[in-house]
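[1] A predicted structure for the sequence below; I have some questions about it.
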Amino acid sequence: MAFGRRMVPFDTAVLRRTGGRIAMISLSGNGGLLLTTTGHRSGRPRSVPLLYVPTGDGYLVAASNFGDPHHPAWSTNLLANPSATVVLHGRTERVNARLTEGDERARLWRVLAAAWPAFDSYAERSGRHIRVFLLTPADS
């Protein structure tokens, strides 16, 4: 957990510099993207590297916060303003975020946990219901 948290600023810089082509987070064998939200209090852009799973509808992301007991700020930002951007594979894309719930969330959680089994241990350690967002292209 501590190693992953320390990598966030470095990974953010690598993703920005390479236009989303290289992500340290991707070295785990999973996909990484750079999500930029609007700060719910400041109104300023806030960027964070995240593991993601591609879906037919867009990208799945989990607000695991490495298993900490509180939700990450980026997820609170998306609840306040679901418009965001992702940088991925050398392109920037506008997306809309939707918090998943109920059966849909349970199904998508299984998809995320299959891609990154640590999500299950993060959920157990956090003691909270981890938010799962579906990011879909804003133009669709």
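    Looks like it came in fine.

[2] OK, contacts around Gly67?
    Gly67 makes contacts with 1, 121-126, as judged by CB atoms under 8 Å, 6 or more residues apart in numbering. Quick note: C-beta positions are derived from backbone N, CA and C, even for glycine.

[3] most surrounded residue in those?
    Using other CB atoms under 10 Å as the neighbour criterion, Tyr122 leads these with 21 neighbours.

[4] for the chain, what spans make up the strands?
    31-38, 45-55, 58-62, 83-88, 91-99, 132-137 (DSSP state E).

[5] by contact count, what packs against the first one?
    This means strand 31-38. Contact here means 3 or more CB pairs under 8 Å, 6 or more residues apart in numbering; DSSP states H and E; on that basis strand 31-38 packs against helix 2-17, strand 45-55, strand 58-62, helix 73-80, strand 83-88.

[6] for that strand, which positions count as buried?
    For strand 31-38, the neighbour count (16 or more other CB atoms under 10 Å) marks 31-38 as buried.

[7] closest one of those to Arg107?
    Closest approach to Arg107 among those (CB to CB): Gly31, at 19.2 Å.

[8] name the nearest residue to the closest one, sequence neighbours excluded.
    The shortest distance from Gly31 to any residue other than its chain neighbours is 5.2 Å, reached at Tyr52 (CB to CB, 6 or more residues apart in numbering).

[9] so what pLDDT did the one you found get?
    With respect to pLDDT, Tyr52 scores 94.

[10] equivalent analysis for Ser75, please.
    pLDDT for Ser75: 98.

[11] I'd say it and Phe133 touch.
    Yes. In this structure, Ser75 is within contact of Phe133 by CB atoms under 8 Å, at 7.0 Å.

[12] so what sits against both of those two?
    Taking CB under 8 Å, 6+ apart as the criterion, Ser75 and Phe133 both touch Ala63.

[13] between the two, who's got more neighbours?
    It is Phe133, of Ser75 and Phe133, that has more neighbours when counted by other CB under 10 Å, with 28 against 23.

[14] dump the residue contacts of the more buried one.
    Phe133 makes contact with 60-63, 75, 78, 97-100, according to CB under 8 Å, 6+ apart.
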